[in-house]
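**Student:** Structural data only, the sequence is not supplied:
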């Protein structure tokens, strides 16, 4: 008999781990896939896949994600989180991989009504339809409460061995975790920066001045203070040594700005590198360094060296984005 193979949308959380082990217990080969962008990582998924013993493939789909993020069909949640469109894009990528590798269906650890906005019956159907793989998406933890899928109707998986979990209580999941010897799983919430209000404000601002940002620019939004310069320019200043190091690694161009002889933040100028913006950025940078107010500080910006007098940083608080 042909071996049935399925692709798991694997986040590394308790639900996706249980779903993977449940499908595997039915004699089906499971391949986990997890996605990465500047807004979320696959770190937890990699760790959990190793612990429960399933192979995992990591897919960076940042370019496709950014295009979706500009105009999600079903809009945003509380901040810039396009949950329905995000899940649909993940299922589309999983479905494409299913066809490419000759797998039989896709499944996830989603539980009906566990998350009232993104996992209700209507939202689950929207995700399926938008993905382009309607009928091939199985949610084994709630399958008995949902419409029958193609793999079930074709006899590739026994519906009677699937579950009917509903709602936010996780009592049954904890019992199943014990049954499958799953001893580690991360907390169910968090992980996506697009649900964070401050990061969403930064991202909206970046899109307003640069509709096609590079990945490095998106990564830079995670760090430092951001100041508005002239004509859509921006300055990012590190707040500590760790952030300075991250900014330096992410931005290798000539618009890193620094005070090499005095301890202080490292900065990077984005989008508009005019002389006026370099001068304004230098003033802001020096106002945050450890020199005494009124003293002259040498500033380096690319190949340019010049001296600035330190002023009170409160002069620039009106330029602070978030």
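**Tutor:** Yes, it's here. Source: prediction; values computed, not measured.

**Student:** So in terms of bridging, what pairs with the closest residue to residue 42 other than its chain neighbours?
**Tutor:** Excluding its sequence neighbours, the residue lying closest to residue 42 (C-beta to C-beta, 6 or more residues apart in numbering) is residue 34, at 3.9 Å. The way it works is simple: take the backbone N, C-alpha and C, and place the C-beta from them, glycine included. Going by DSSP bridges, residue 34 is paired in beta bridges with residue 58.

**Student:** From residue 99, how far out is residue 34?
**Tutor:** Plainly put, residue 34 is 19 Å away from residue 99 if you go by C-beta to C-beta, to the nearest Å.

**Student:** where does the stretch 101-250 of the chain dip in pLDDT?
**Tutor:** 187-190 (pLDDT under 70).

**Student:** What ranges does it have for its strands?
**Tutor:** In the stretch 101-250 of the chain, the strands defined using DSSP state E, counting those that start in this stretch lie at 105-108, 137-138, 225-228, 234-237.

**Student:** by contact count, what packs against the second one?
**Tutor:** Taking 3 or more C-beta pairs under 8 Å, 6 or more residues apart in numbering; DSSP states H and E as the contact definition, the neighbouring helices and strands of strand 137-138 are strand 105-108, helix 121-131.

**Student:** Take the strands of the stretch 101-250 of the chain and write them to TSV, including mean neighbour count.
**Tutor:** As requested, the strands of the stretch 101-250 of the chain are exported to TSV (neighbours: other C-beta atoms under 10 Å):
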stretch	mean neighbour count
strand 105-108	27
strand 137-138	26
strand 225-228	20
strand 234-237	26
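
**Student:** which one of those strands lies closest to residue 73?
**Tutor:** strand 137-138 (17.4 Å; C-beta to C-beta).

**Student:** you'd agree residue 257 is in a strand?
**Tutor:** Yes - assessed by DSSP: H, G, I helix; E, B strand; the rest coil, residue 257 belongs to a strand.

**Student:** Pretty sure it sits against residue 265.
**Tutor:** No - counting by C-beta atoms under 8 Å, residue 257 stays clear of residue 265, with 9.3 Å between them.

**Student:** what touches both of the two?
**Tutor:** Counting by C-beta atoms under 8 Å, 6 or more residues apart in numbering, the common neighbours of residue 257 and residue 265 are residue 285.

**Student:** Of the strands of the stretch 101-250 of the chain, which is nearest residue 155?
**Tutor:** Set against residue 155 and scored by C-beta to C-beta, the strands of the stretch 101-250 of the chain come closest in strand 105-108, at 12.2 Å.

**Student:** elements contacting the closest one?
**Tutor:** strand 5-9, helix 14-25, helix 83-101, strand 137-138.

**Student:** what's the spacing between it and its chain's center?
**Tutor:** Counting by C-alpha atoms, centre = their mean, to the nearest Å, strand 105-108 is centred 21 Å from the centre of its parent chain.

**Student:** Identify the neighbouring strands of that strand in the sheet and state each direction.
**Tutor:** Short version: by DSSP bridges, strand 105-108 pairs with strand 5-9 (parallel), strand 137-138 (parallel).

**Student:** Would you mind finding the most buried of the ones you listed?
**Tutor:** Most buried of the strands paired with strand 105-108, by mean neighbour count (mean count of other C-beta atoms under 10 Å): strand 137-138, with a mean of 26.

**Student:** what's next to it, contact-wise?
**Tutor:** Contacts of strand 137-138 (C-beta under 8 Å, 6+ apart): 6, 91, 95, 105-108, 127-128, 131, 149, 151-152, 157, 162.

**Student:** What of stretch 223-231?
**Tutor:** 202, 205, 234-239, 243, 246-247, 265, 269, 272, 274, 276-277, 280-281, 284, 316, 319-322.

**Student:** could you redo the last one with a cut-off of 6 Å?
**Tutor:** By C-beta atoms under 6 Å, 6 or more residues apart in numbering, the residues outside stretch 223-231 that reach it are 234-239, 243, 246-247, 272, 276-277, 280, 284, 319-321.

**Student:** What subset of these is buried?
**Tutor:** 234-238, 243, 246-247, 272, 277, 280, 284, 319 (16 or more other C-beta atoms under 10 Å).

**Student:** Any chance of TSV for the residues you listed, columns distance to residue 39?
**Tutor:** Output for the buried ones among the contacts of stretch 223-231, formatted as TSV (distance: C-beta to C-beta, whole Å):
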residue	distance to residue 39
234	19
235	22
236	17
237	22
238	21
243	18
246	16
247	18
272	25
277	27
280	30
284	27
319	26
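
**Student:** and of those, the nearest to residue 11?
**Tutor:** Among those, and counting by C-beta to C-beta, the member closest to residue 11 is residue 246, at 25.1 Å.
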